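> Let me see the structure of the following:
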Amino acid sequence: MDTGSYIVYLSVALFCSLIVGFMLYVVFSRVSTIPFKTPGHWSEGFQGPSQGVSDISCGQDSAEAVALSEMFVGRSSTTEEGKPDLKELKLILSKLACMKHDLVSTAQVVQSTLYLPYSNTHDRENPADTVARCFTKSIPPRDLDISFGTWKQRGEELINRLCTSYKFTRNNSEYARGLFRSVWTDTFSIAKNACSPPPKAVESESPRNVNGFTPESVKELGPYSGYY
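Below you'll find the predicted structure:
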């Protein structure tokens, strides 16, 4: 083989190697779609935001919760209790949003609420336990009303204090209260259908009951005393 042919074959081989190497790089650079953390920021793959759309857990399931949280961005509290109150309010919003996420999920497993912490200031029981009982439809309506009533009462109390701490205008204060009511109502309406057992039919009120049925039209009539 002369020198010219050797150089040609070597050039072709190097060119092919570069093409193969570039293709391998492209393929392997796209294999991992799981987000990984680099100093200072999160790098996302193809499965969506790993940290949610805000500092509200499950915020992707409640635009109102995210909007309420963002009302405090860039503002400073004028009281010492402002920051702790805001932290607790965001926790309540996260519990409502994550409960909604678990209840509407087709997987029917306790996932989003699993690691949310219990707080004796606004929780009647661990949020994950509440969701687990929902899946078995074992929460009496009265207990469900009490749990959600506690969240609502505490959330509204925190918002009233925060509106003062962060010097919200009257319109902003009303808007914040409206957002919280929307988040609470949305999750509560889902929970009422998912958590409590269906009401039992009263046997005496069913026309198909084998024990007999008295129509409403004859209930007020006296006993029959005539002849057959």
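> Every contact and neighbour count from this point should use C-alpha atoms.
OK.
> Break down this protein into its strands, ranges please.
36-38, 41-43 (DSSP state E).
> and the residue lying closest to Gln111 once chain neighbours are set aside, how far is that from Cys195?
Of all residues not flanking Gln111 in the chain, Asp102 sits nearest, at 6.6 Å (C-alpha to C-alpha, 6 or more residues apart in numbering). Per C-alpha to C-alpha, to the nearest Å, Asp102 is found 12 Å from Cys195.
> now do Leu96
14 Å.
> Looking at these two, which is more packed in?
When Leu96 and Cys195 are compared for neighbours, Leu96 comes out ahead with 27 against 23, by other C-alpha atoms under 10 Å.
> tell me the contacts of the more buried one?
183-184, 187 (C-alpha atoms under 8 Å, 6 or more residues apart in numbering).
> which stretches of the protein have low pLDDT?
Counting by pLDDT under 70, the chain contains low-confidence ranges at 1-6, 8, 26-53, 199-228.
> how about 50 then?
Scanning the chain for pLDDT under 50 picks out 33-52.
> can you map out the helices along it?
In the chain, the helices defined using DSSP state H lie at 3-29, 63-70, 82-104, 127-135, 141-165, 170-195.
> contacts for stretch 164-174?
72, 75-79, 81-82, 160, 163.
> need those in TSV with distance to Ser11, can you?
Formatted as TSV, those follow (distance: C-alpha to C-alpha, whole Å):
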residue	distance to Ser11
Phe72	63
Arg75	64
Ser76	66
Ser77	69
Thr78	72
Thr79	73
Glu81	72
Gly82	70
Asn160	75
Cys163	73
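> Drop anything exposed from those.
The neighbour-count test (16 or more other C-alpha atoms under 10 Å) marks 77, 82, 160, 163 as buried among the contacts of stretch 164-174.
> Between which two of those residues is the distance greatest?
Using C-alpha to C-alpha, these span at most 13.3 Å, a distance reached by Ser77 and Asn160.
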